[in-house]
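K.L.:
model the structure of this input:
(chains A, B, C and D)
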Number of protein chains: 2
Amino acid sequence: MTSATRTLRARRLEAVALELFTVRGFDHVTVDDLAAAGGVGRRTFFRYFPTKLDVVLGQLDDALAALVDALARVPTTTDPTIAARQAFLQVNAYSPGDEPVLRRRLALIETVPEVAARAAVRYEAWEAALARDAAARWGCPVDELRPQVFARVVVAAMRGVFTVWLASPDAELRSLVVAAFDDLGRGFG
Amino acid sequence: MTSATRTLRARRLEAVALELFTVRGFDHVTVDDLAAAGGVGRRTFFRYFPTKLDVVLGQLDDALAALVDALARVPTTTDPTIAARQAFLQVNAYSPGDEPVLRRRLALIETVPEVAARAAVRYEAWEAALARDAAARWGCPVDELRPQVFARVVVAAMRGVFTVWLASPDAELRSLVVAAFDDLGRGFG
DNA sequence: ACGCTAACTGGCACCGGGTGCCATTCACAC
DNA sequence: GTGTGAATGGCACCCGGTGCCAGTTAGCGT
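P.N.:
Here you go, the predicted model:
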């Protein structure tokens, strides 16, 4: 099987799974269901996805890679907050056609606690990347309070943005991101 | 069985479980082990703790209640950031004797991904409480961007504080909390 | 002291997610 | 064709979690 076929199957499985999840509800769909619906054996399913939960979060890793990339592109003299803002604006530049899928995904993440939990674990990698970047820009050790807090705070802000965006269909993702980062820059005092 | 006996058993189970977890590692301890070590049936174990994971997070709920309480005590005219700072300082006022236990707990939370995930779910309740409080103080709807971001950001900052505190044995928890909230108030710009 | 009731207990069978093992199949090279 | 390596998927198994139910215990009124 070529790697193109592989990602193809993965995409098929993912699409079918998301469909089933949104229709029947996450925990009323067994892995056997997913495998059968994807025309694949249960054992094979677990070779494509490490976990039932990870089907929902599929491309989060790609997004992380994109984030790291975008951060690296911002000049090292730039302030961490500005840099992070830039990076997130780039990463979240979805084409309008992708937004419905994104909405579905995020809705699942927010609705199903287990999936939310898994997402949180995934976000830790984001936090680590952001902390490293911020520490480099500030010229301080990574394990100091400031970069550690900064990194977690940025990811948290993005979560907040997604929540609000999900709740209000008319809101524009970009402007929410900008507003959130403005708050972070100015401070809440 | 009196409720006093109940919490007593729960405490015993919890203590034994934490011991086993730190010695053998979280996923090399089965629930049967925990039950047996606590001198209790497996089925009964699950009546004390809804999940193996929740054994580690035991008193987080009490802490949440304490937080809500502390927030309610701060005058409504006070700024949300100040109010949250106050509240967290109160909630995290551990007696020196409790710190070792707290350290163990937090270490487990940071080390074992599944536990971290569970903790993240628990923190959502904190975020909701903080968002409600902040919205009330700002006089805006809860579902707006600012309180939503604020709430998540505050919890994130606390997570950062715990991480740093855990990594440096000499650091004082109180001063870290203060420093983190100072950053939030001033902003990172 | 006696029995009644209600709560607590824990065994048992079961489900669903996840893994190791292994025989089979398939694509591709020679 | 034949051999080789990867992908497949069936099978048995482990573990966390739940419903069910029978046995035990604690507390109460009489």
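K.L.:
what residues are up against residue A:180?
P.N.:
A:157, A:158, A:160, A:161, B:145, B:149 (CB atoms under 8 Å, 6 or more residues apart in numbering or on different chains). (Glycine included, C-beta is placed from N, CA and C.)
K.L.:
out of those residues, which is nearest to residue A:141?
P.N.:
Relative to residue A:141, the closest of the contacts of residue A:180 is residue A:157; by CB to CB it sits at 23.4 Å.
K.L.:
tell me which element that closest one falls in.
P.N.:
Mapping residue A:157 onto the secondary structure by DSSP states H and E places it in helix A:145-167.
K.L.:
show me what that helix is packed against.
P.N.:
Counting contacts by 3 or more CB pairs under 8 Å, 6 or more residues apart in numbering or on different chains; DSSP states H and E, the secondary-structure elements packed against helix A:145-167 are helix A:80-91, helix A:99-111, helix A:113-138, helix A:173-186, helix B:145-167, helix B:173-186.
K.L.:
residue A:55 - how many residues pack around it?
P.N.:
Other residues near residue A:55 come to 26 when the count uses other CB atoms under 10 Å in any protein chain shown.
K.L.:
what helix or strand is it on?
P.N.:
Per DSSP H and E, residue A:55 falls inside helix A:54-57.
K.L.:
what about whatever helix or strand comes next after that helix, near chain B?
P.N.:
Once helix A:54-57 ends, the next helix or strand along the chain (criterion: DSSP H and E) is helix A:60-73. No - using CB under 8 Å from any CB of the partner chain, helix A:60-73 stays clear of chain B, with a minimum separation of 14.1 Å.
K.L.:
residue ranges with poor pLDDT in chain A?
P.N.:
Applying pLDDT under 70 to chain A flags residues A:1-6.
K.L.:
how about the residues of it by DNA strand C?
P.N.:
Counting by CB under 7 Å from any atom of the strand, the positions of chain A adjacent to DNA strand C are A:1-2, A:27, A:29-32, A:42-43, A:46, A:50-53.
K.L.:
show me those that map onto helices.
P.N.:
Of the residues of chain A next to DNA strand C, the ones assigned to helices by DSSP state H are A:31, A:32, A:42, A:43, A:46.
K.L.:
who touches the residue nearest to the third one when sequence neighbours are not counted in this structure?
P.N.:
Nearest residue to residue A:42 in three dimensions, chain neighbours excluded: residue A:35, at 4.4 Å (CB to CB, 6 or more residues apart in numbering or on different chains). Listed by CB under 8 Å, 6+ apart, the contact partners of residue A:35 are A:41, A:42, A:44, A:45.
K.L.:
residue A:35 sits in which helix or strand?
P.N.:
Using DSSP H and E, the element containing residue A:35 is helix A:31-37.
K.L.:
how's chain A carved up into domains?
P.N.:
When chain A is parsed with automatic domain parsing, its domains come out as A:3-52, A:56-186.
K.L.:
spatially central residue in chain A, please.
P.N.:
The central residue of chain A, meaning the one whose C-alpha is nearest the mean C-alpha position (CA atoms, centre = their mean), is residue A:60 at 4.2 Å.
K.L.:
pretty sure that one is touching residue A:122, no?
P.N.:
Yes - between residue A:60 and residue A:122 there is a contact under CB atoms under 8 Å: 5.2 Å.
K.L.:
where's the residue lying closest to residue A:78 once chain neighbours are set aside relative to residue B:86, distance?
P.N.:
By the measure of CB to CB, 6+ apart, the closest residue to residue A:78 outside its immediate chain neighbours is residue A:137, 6.9 Å from it. From residue A:137 across to residue B:86, the span is 31 Å (CB to CB, to the nearest Å).
K.L.:
who's more crowded, these two?
P.N.:
Higher neighbour count among residue A:137 and residue B:86: residue A:137, with 22 against 16, using other CB under 10 Å.
K.L.:
and stretch A:77-92, how far out from the chain middle?
P.N.:
16 Å (CA atoms, centre = their mean, to the nearest Å).
K.L.:
and the contacts of it?
P.N.:
Stretch A:77-92 has contacts (CB under 8 Å, 6+ apart) with A:63, A:66-67, A:70-71, A:74, A:130, A:133-134, A:137-138, A:147, A:150, A:154, A:158, A:173-174, A:177-178, A:181, A:184-185, B:187-189.
K.L.:
got the contact list for the residue of chain A found nearest DNA strand D?
P.N.:
Nearest to DNA strand D in chain A, going by CB to the nearest atom of the strand, is residue A:41, at a distance of 2.4 Å. Residues counted as contacts of residue A:41 (CB under 8 Å, 6+ apart) are residue A:35.
K.L.:
could you do residue A:18 as well?
P.N.:
A:55, A:56, A:101, A:104, A:105, A:108.
K.L.:
among those residues, which ones are buried?
P.N.:
Members of the contacts of residue A:18 that pass the buried threshold by neighbour count (16 or more other CB atoms under 10 Å in any protein chain shown) are listed as A:55, A:56, A:105, A:108.
K.L.:
what distance do you get for residue A:53 to residue A:122?
P.N.:
Distance, residue A:53 to residue A:122, using CB to CB: 10 Å.
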